[in-house]
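In: Got a predicted model here, sequence first, then my questions.
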Amino acid sequence: MENIIDSLQQFWQFTGFANCTWQHLLMICIGLGFITLGIVKHWEPLLLVPIGFGMLIGNIPLFFDPETGLGLKIGIYEENSVLNILYHGVKNGWYPPLIFLGIGAMTDFSALISQPRLILIGAAAQLGIFGAYLLSLLLGFAPNEAGAIGIIGGADGPTAIFLSSKLAPELMGAIAVSAYSYMALVPVIQKPIMLLLTTKKERLIRMNKPRTVSQTEKIIFPIIGFLCTAFIVPSGLPLLGMLFFGNLLKESGVTKRLATTASGPLIDIVTTLIGLTVGASTQADVFLTGRSALIFGLGLASFVIATTFGVLFAKFMNVFLPEGKKINPLIGNAGVSAVPDAARVSEQVGLEADPSNHLLTHAMAPNVAGVIGSAVAAGILLGFLG
């Protein structure tokens, strides 16, 4: 009988119930919130559902004996566990370049090629990254940590993971979750800023139809784009190289199978793994800190700054443009890297002002420029702080 009781007591010690704390329950509730937003609200479900379920996985309370250092050896931070091996793709920065390969294979740069002036809006929006970097320094973060936090303003989850894995791996969970959360909240955050910074007259501006781009231009663009950006920022090579290579696979016309794989099965697999492991990395004892809360606040600030500068710069450009060639400043929000969600917000707000004024095609130009811009900004920060 004693053996049975001892066995039951030992079994109890290894259950999640015996090791549960309120912090675990709080993180599980947050994970359920992410899943709910993804399924019910359709807010970036391909990201929020894996991240939310990863939070559930990462916050199942596990047995650990601090005296002997013995545990179940299955946690994401325990070397050579299955979760830990999958997490290496995040920790060592393997997943983000693969996602950029898929993004490149899905992206049509025609809008940017036909309206190259709009790349300046994408560049202006990257000021959110450097604004958040300065704010982070003022709040006491080390320069490398501030750089990793600032990249949240680019609204690009893979770039945030890549840079934080190099500069501040201890903050990567909070940075990644913050970046993906704000990507999902693009419509909620950006619309009020856009309405606040523009007048009714500005929201009614009609832009000329972009010119047709030849296939030759589409093929040349990723080659020239890669050489120009990589020579300027060699430290951004892993992201920029894969982005433009993926686009060349798409546009060349002779590598359709490779482009289809990169833009379909490959990016789907990597997105699933990156979401699940990032979510699982938010263990209560690691994630629930004052610094994490501060990172979320700074991430929101960087996103607001990026959107603000994008819209304001479009208004600034209009000062020098003649009538008939002015830019609708509503596309300024699309300078962040959240493709195509930010461009869809431009379209939505524009249609609310004028149901016949479609801005999506124009907004895609600064939007894809933002993808390039965030990778360049990450390369700059890595070059100076790495």
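Out: Happy to help now that I have it.
In: need the contact list for Ile232.
Out: Val376 (C-beta atoms under 8 Å, 6 or more residues apart in numbering). All C-beta spots, glycine's among them, are computed from the backbone N, C-alpha and C.
In: again with Tyr87
Out: 76, 277, 280-281.
In: For it, give its distance to Leu330.
Out: Distance, Tyr87 to Leu330, using C-beta to C-beta, to the nearest Å: 40 Å.
In: Ok, Phe316 next?
Out: Counting by C-beta to C-beta - Phe316 and Leu330 are separated by 15 Å.
In: same check, this time on Met106
Out: 24 Å.
In: more crowded one of the two?
Out: Between Met106 and Leu330, counted using other C-beta atoms under 10 Å, Leu330 has the larger neighbour count: 31 against 17.
In: Assumed that one was part of a helix.
Out: Yes - per DSSP: H, G, I helix; E, B strand; the rest coil, Leu330 lies within a helix segment.
In: average pLDDT for the top helix by length along the chain?
Out: Criterion DSSP state H: the longest helix present in the chain is helix 290-319. Regarding helix 290-319, the rounded mean pLDDT is 92.
In: Could you list every helix and strand that it packs against?
Out: helix 119-125, helix 127-138, helix 143-150, helix 172-184, helix 186-197 (3 or more C-beta pairs under 8 Å, 6 or more residues apart in numbering; DSSP states H and E).
In: mind listing what's buried in it?
Out: Applying a neighbour-count criterion of 16 or more other C-beta atoms under 10 Å, the buried positions in helix 290-319 are 291-292, 294-296, 298-318.
In: Likewise for stretch 29-37?
Out: For stretch 29-37, by 16+ other C-beta under 10 Å, it's 30-31, 34-35, 37.
In: Turn these into a markdown table, columns for distance to Ala262.
Out: Shown next, in a markdown table, are these (distance: C-beta to C-beta, whole Å):
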| residue | distance to Ala262 |
| --- | --- |
| Ile30 | 32 |
| Gly31 | 30 |
| Phe34 | 27 |
| Ile35 | 28 |
| Leu37 | 28 |
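In: Can you give me the neighbour number for the nearest residue to Asn92 once chain neighbours are set aside?
Out: Excluding its sequence neighbours, the residue lying closest to Asn92 (C-beta to C-beta, 6 or more residues apart in numbering) is Ser165, at 6.5 Å. Here the number of neighbours of Ser165 (other C-beta under 10 Å) works out to 21.
In: For Phe109, give me phi and psi.
Out: Main-chain dihedrals, Phe109, degrees, to the nearest 10: phi -90, psi 10.
In: ok, it - contacts?
Out: 218, 221-222, 225, 247, 368.
In: Let's see that with 7 Å instead.
Out: Neighbour list for Phe109: 218, 221, 247, 368 [criterion: C-beta atoms under 7 Å, 6 or more residues apart in numbering].
In: Show me those residues that map onto strands.
Out: Among the contacts of Phe109, no member falls in strands (DSSP state E).
In: Now do Asp65, the pLDDT please.
Out: Value listed for Asp65 in the pLDDT field: 55.
In: and if you look at Ala155?
Out: 73.
In: thought it was touching Asp341?
Out: No - look at Ala155 against Asp341 with C-beta atoms under 7 Å: they stay out of range, at 8.6 Å.
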